[in-house]
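# how would this look folded up:
(chains A and B)
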There are 2 protein chains.
Amino acid sequence: MTPREAGFAMPAEWAPHAGCWMIWPERPDNWRLGAKPAQKAFTEVASAIARFEPVTMLVSRRQYDHARAMLPPGVRVVEMSSDDAWARDVACTFLLGPGGELAGVDWPFTSWGGLYFPWDKDDAIARKILELERARRFRAPLVMEGGALHVDGEGTVLAVEQCVLNENRNRGVTRQEMERMLKDYTGSRHVIWLKEGVPHDETDGHVDNLACFAAPGVVLLSWCDDPADPHYAVSRDAEAALQAARDARGRRLRVEKIPMPAPMFYTAEEADGVDATATGMNREAGARLAASYVNFYIANGAIIAPAFGAETDAPARAVLARLFPGREIVMIPAREILLGGGNIHCITQQQPKSTAPGGP
Amino acid sequence: MTPREAGFAMPAEWAPHAGCWMIWPERPDNWRLGAKPAQKAFTEVASAIARFEPVTMLVSRRQYDHARAMLPPGVRVVEMSSDDAWARDVACTFLLGPGGELAGVDWPFTSWGGLYFPWDKDDAIARKILELERARRFRAPLVMEGGALHVDGEGTVLAVEQCVLNENRNRGVTRQEMERMLKDYTGSRHVIWLKEGVPHDETDGHVDNLACFAAPGVVLLSWCDDPADPHYAVSRDAEAALQAARDARGRRLRVEKIPMPAPMFYTAEEADGVDATATGMNREAGARLAASYVNFYIANGAIIAPAFGAETDAPARAVLARLFPGREIVMIPAREILLGGGNIHCITQQQPKSTAPGGP
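Take a look at the predicted model:
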């Protein structure tokens, strides 16, 4: 039985949370200098979120003592093995059922088309979290990542073709089959497709780096005004698609824009701090970073958003403050997270508050 | 601040439980045949307890999938690294506070006087469980094991000198210092000392293999009537000590007896199935096993007790049924657990039901 058949659906990220799950960064072939700078950035993010809702940090045995020492006492530290630190993609996508009970989707995970090896421990995380929560688990039939979808909580999914329909995820699966799966496993009725994601995004364009729902009927889009930048065309294509779309309730969408920061690149020092790999997935000096303000986390009463030390930080904050008037806007220097290939939304996973009697 | 100063105390094992913690056996230098027979026995114990209260099985990353496949769906499987499988000794000793809130003692653990190497992962388990439960942690100042004490829940501790005062645990610590620590960390007022534990017990005589409280003022003692058996003198000594004792409320104790099974020994086949170790802690054919019916677990509404396929199984069951009239007596073949050096009480740890609002 699919979640939809069982009456389960994924709430919007702005619905009340029971808490947030994160994973401690560690692997030295993705995070420079033995992940020490990234660990500081993750600690800042966890500390910020913990002001608003309970945070659980999943940590390997090796790093348990160190993570416990670095994180504030209010952040719960739980031993769990992983291959990397992207809770958005490898933790479950939580659902609520007809009685408000918690469940979750366990998406088969293959490391963004086989980008980093191995991925077996990451693929096991969703199941382990659902065990911890004693919550029902729906293992999906197709490969998917949590960062490759957004929902409005009212029946609409937002996704990017370049990523979700990529042959490196589910070879030979049609758009119709994938739409069916997305709807069945998020409890939705309608999928809005965008064509391409943010250029240089190694996930092949996760939607959570390009655009997100800010409210039902409102989409926030990472926007570029420089015709020389490859994101110029991408953001215009996305705008056109969103303006042509209707959501599950038949509404037109209001498109809000948030500026991209000016181009950012790996420095030689940053690239030099990352271990080489046998698979050739290496960091190179001068490579462009896929920076985007859209990659933020909605916490209970707050927005936890990346800052890049760029001129666009203040205008981006103003957009967020306007779109989320009831929430405190907390911006956190996120370059060290970005260097690993994602941002604050990618390293977090909300658990909605169950409304079932005695639920978590 | 000690638990006693903070108003915390360890409830008796018969007080209502929130659940039970266990650890999946794995190490091939303690459990024969790659721990496969022990895993079956642990599965039987977990399945039996799960009929009466929630069970969490802590499992290493390597064994996670296998444990999940073997255990019934109702048993929660949680990843946690360990050095062996003795939840009684390495999980926290749970306490309840003045408002009924949960806390726990994290006893420093050194592998029963350094018997098995290493023990760092086992020593970390109590802390990790208390993190999982978001419960307050009291790290004790002296080495101790949960199986080396029993409480009546009314201020009395029962312990064995041979073990608790052994120089291989806390060198140079006096009986008075240890009594102070036991009282401070279990929230008790009085310690009753027995001199020696069951012979051949590799823990140097954990009390939980020799005697336990069956109710306030009632102690159940593992009894031997064969003068040729070394336990003959031990059980008579213990009886005398118990008859001379008063509990924390000044009561005399009623001593109840449960028969020991006839002597049991490692077979050559059993000893041969265990990996050799560098430390010399090896199993030898013909070595005596420290079998005792007292090593049972009190679950909500049940007694989960070892069976040895011996003539004494039925009389032991009758004693348990008489002493615990409101509880179902479930006896489980336990030889494979015994071969690893303990029994059902040693591999379980109860978590009392918090009576605090919203508590677990």
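# going forward, measure contacts between C-alpha atoms and count neighbours the same way
OK.
# can you report how many residues lie near residue A:202?
As a burial measure, residue A:202 scores 18 neighbours (other C-alpha atoms under 10 Å in any protein chain shown).
# quick one, what contacts it?
Contacts of residue A:202 were listed using C-alpha atoms under 8 Å, 6 or more residues apart in numbering or on different chains, and they are residue A:341.
# how close does it sit to chain B?
Residue A:202 sits 28 Å away from chain B, taking C-alpha to the nearest C-alpha, to the nearest Å as the criterion.
# list the residues that contact the closest residue to chain B within the stretch 251-360 of chain A.
The stretch 251-360 of chain A approaches chain B most closely through residue A:358 (8.9 Å), counting by C-alpha to the nearest C-alpha. By C-alpha under 8 Å, 6+ apart, the contact set of residue A:358 is empty.
# now do 10 Å
Applying C-alpha atoms under 10 Å, 6 or more residues apart in numbering or on different chains to residue A:358 gives the contacts A:101, B:358.
# next: residue A:63.
Going by C-alpha under 10 Å, 6+ apart, residue A:63 touches A:24, A:25, A:26, A:69, A:79.
# kindly write the ChimeraX command that selects the buried subset of the residues you listed.
Remark: buried members of these, expressed as a ChimeraX selection using 16 or more other C-alpha atoms under 10 Å in any protein chain shown:
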select /A:24,25,26,79
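# mind putting the contacts of residue A:63 into JSON lines with pLDDT and secondary structure?
Below are these laid out as JSON lines (pLDDT from 0 to 100; DSSP: H, G, I helix; E, B strand; the rest coil):
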{"residue": "A:24", "pLDDT": "98", "secondary structure": "coil"}
{"residue": "A:25", "pLDDT": "98", "secondary structure": "coil"}
{"residue": "A:26", "pLDDT": "98", "secondary structure": "coil"}
{"residue": "A:69", "pLDDT": "98", "secondary structure": "helix"}
{"residue": "A:79", "pLDDT": "98", "secondary structure": "strand"}
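# contacts with chain B among the contacts of residue A:63, please.
Filtering those for proximity to chain B by C-alpha under 10 Å from any C-alpha of the partner chain leaves residue A:79.
# among the contacts of residue A:63, which one lies nearest to residue B:136?
residue A:69 (16.2 Å; C-alpha to C-alpha).
# the closest one and chain B: what is the separation?
Distance from residue A:69 to chain B, by C-alpha to the nearest C-alpha: 13 Å.
# likewise for residue A:166?
Applying C-alpha to the nearest C-alpha, the value for residue A:166 to chain B is 30 Å.
# can you count the residues close to that residue?
If you count neighbours by other C-alpha under 10 Å, residue A:166 ends up with 17.
# and what of residue A:322?
11.
# residue contacts, it?
Neighbours of residue A:322 in contact, by C-alpha under 10 Å, 6+ apart: residue A:316.
# roughly how far apart are it and residue A:259?
Residue A:322 sits 14 Å away from residue A:259, going by C-alpha to C-alpha, to the nearest Å.
# give me the contact list for the host helix or strand of residue A:112.
Here residue A:112 sits within helix A:111-114, counting by DSSP states H and E. Applying C-alpha under 10 Å, 6+ apart, the contact partners of helix A:111-114 are A:83-84, A:89-90, A:117-120, A:122-123, A:143-145, A:163-164, A:166-170, A:202-204, A:206, A:279.
# next, the buried residues of that helix.
Residues A:111, A:112, A:113 are the ones in helix A:111-114 that count as buried (16+ other C-alpha under 10 Å).
# and the second one, how close does it get to chain B?
According to C-alpha to the nearest C-alpha, residue A:112 and chain B sit 23 Å apart.
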